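Q: Only the shape, not the letters, is given here:
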C-alpha cells in the first residue's frame, strides 16, 4: 500500500496547525505596523500569505492594511497579498492533500462540483469569491482538490475579492473619521456583505435540514 499521499496529508495538517499556533507568538497587525522602509511591502505580502495559511480572517487583514497603509498603498497590497495567500494555500493543498483526498470526490455531489470547477474554472471560482458566506480559506483548499488550473483560479480570485477587499480597506483607512462619506459608504458595504453572508448560511442550513421527498 502506498502511504505517500497519507503522509503528505499529515504533513499539511501539521503545517496548518503550526501556522495557526504561531499566532500565539506574533500579531499580523503588529508586524504590519512595525514594517518600514524598503521592507514594508515585502513584509506586508508575507503577512498576508502566512496569515491566509494560518486562517487569519481576511477582513481583519484588509482593514489593518487600510488603517496602516492607507487606501492608495493598502488596496493594491491587500489585493496582491490576498492572491498570494490564495496561491500558497492552493499550492499546499494540491501538492500535499490532493492525492489523499481525491477519492472523496467520487461521491455524486462532490463529483459534480469537481467537474464544474474543472470545465468552467474561472467562472466557478469567481462565483465562489463573489457569493457571500463562502469561507475564503476553505474555498482555496476545495479548489486545490479539484481539477481547476492555477491561472483561472488566481485570476478569478483577484477579480472576485476586489469589491469586498476594497470595502474593508477603505473602512480601515477612514476609521479615524467615522462621519466621513468614505467610512459610511464602506461600512454600509461591509454590513451588507455580512448580512448577505448570514442569509446565505441560513439558507444553506435550511436546505440541509429540509428532508427530501422519497422517490416513488
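A: Received the coordinates, thanks. Keep in mind that this is a model prediction, so the values were computed, not measured.

Q: Could you point out the longest helix of this protein?
A: Counting by DSSP state H, the longest helix found in the chain is helix 58-92.

Q: quick one, phi psi at residue 146?
A: Dihedral pair for residue 146: phi -80, psi -170, per degrees, to the nearest 10.

Q: what's near enough to touch it?
A: Neighbouring residues of residue 146 by CB atoms under 8 Å, 6 or more residues apart in numbering: 105, 113, 114, 117, 118. C-beta here means a position set from N, CA and C on the backbone, and glycine is covered the same way.

Q: Try it again at 7 Å.
A: 114, 117, 118 (CB atoms under 7 Å, 6 or more residues apart in numbering).

Q: now stretch 159-179: how far from the chain's centre is it?
A: Relative to its parent chain, stretch 159-179 has a centroid offset of 16 Å by CA atoms, centre = their mean, to the nearest Å.

Q: again, but for stretch 113-124
A: 18 Å.

Q: Show me what the mean pLDDT comes to for it.
A: On average, the pLDDT along stretch 113-124 is 85.

Q: before we move on, the earlier item: so which bits of the longest helix of the chain are buried?
A: Buried residues in helix 58-92, counted by 16 or more other CB atoms under 10 Å: 58-59, 61-71, 73-75, 77-79, 81-90, 92.

Q: what residues does whatever helix or strand comes next after it touch?
A: Once the chain leaves helix 58-92, the next helix or strand it forms, by DSSP states H and E, is helix 98-101. Contacts to helix 98-101, defined as CB under 7 Å, 6+ apart, come from residues 5, 6, 8, 9, 144, 145.

Q: Could you report the separation of the residue nearest to the third one when sequence neighbours are not counted from residue 4?
A: In space, residue 8 comes closest to residue 96 once its chain neighbours are excluded; the distance is 4.2 Å by CB to CB, 6 or more residues apart in numbering. Note on residue 96: its distance to residue 4, by CB to CB, to the nearest Å, is 10 Å.

Q: The residue nearest to residue 8: neighbour count?
A: Residue 96 has 22 neighbours, counted by other CB atoms under 10 Å.

Q: Isn't it up against residue 11?
A: Yes - here residue 96 reaches residue 11: they are 5.7 Å apart, a contact under CB atoms under 7 Å.

Q: mind listing the strands in this protein by residue range?
A: Per DSSP state E, the chain carries no strands over any range.

Q: So, low pLDDT: which residues of it?
A: Confidence mapping of the chain against pLDDT under 70 gives the ranges 1-2, 104-109, 132, 193-194, 196-216.

Q: For the residue positioned nearest the centre of the chain, which non-adjacent residue is spatially closest?
A: The structure's the chain has its C-alpha centroid closest to residue 136; by CA atoms, centre = their mean the separation is 2.6 Å. Once flanking residues are discounted, residue 136 sits nearest to residue 58: 5.0 Å by CB to CB, 6+ apart.

Q: Can you point out the buried residues in stretch 42-60?
A: 43-56, 58-59.

Q: nearest to residue 31, of those?
A: Proximity of those to residue 31 (CB to CB) peaks at residue 47, which lies at 5.4 Å.

Q: quick one: contacts for that closest one?
A: Applying CB under 7 Å, 6+ apart, the residues near residue 47 are 28, 31, 32.
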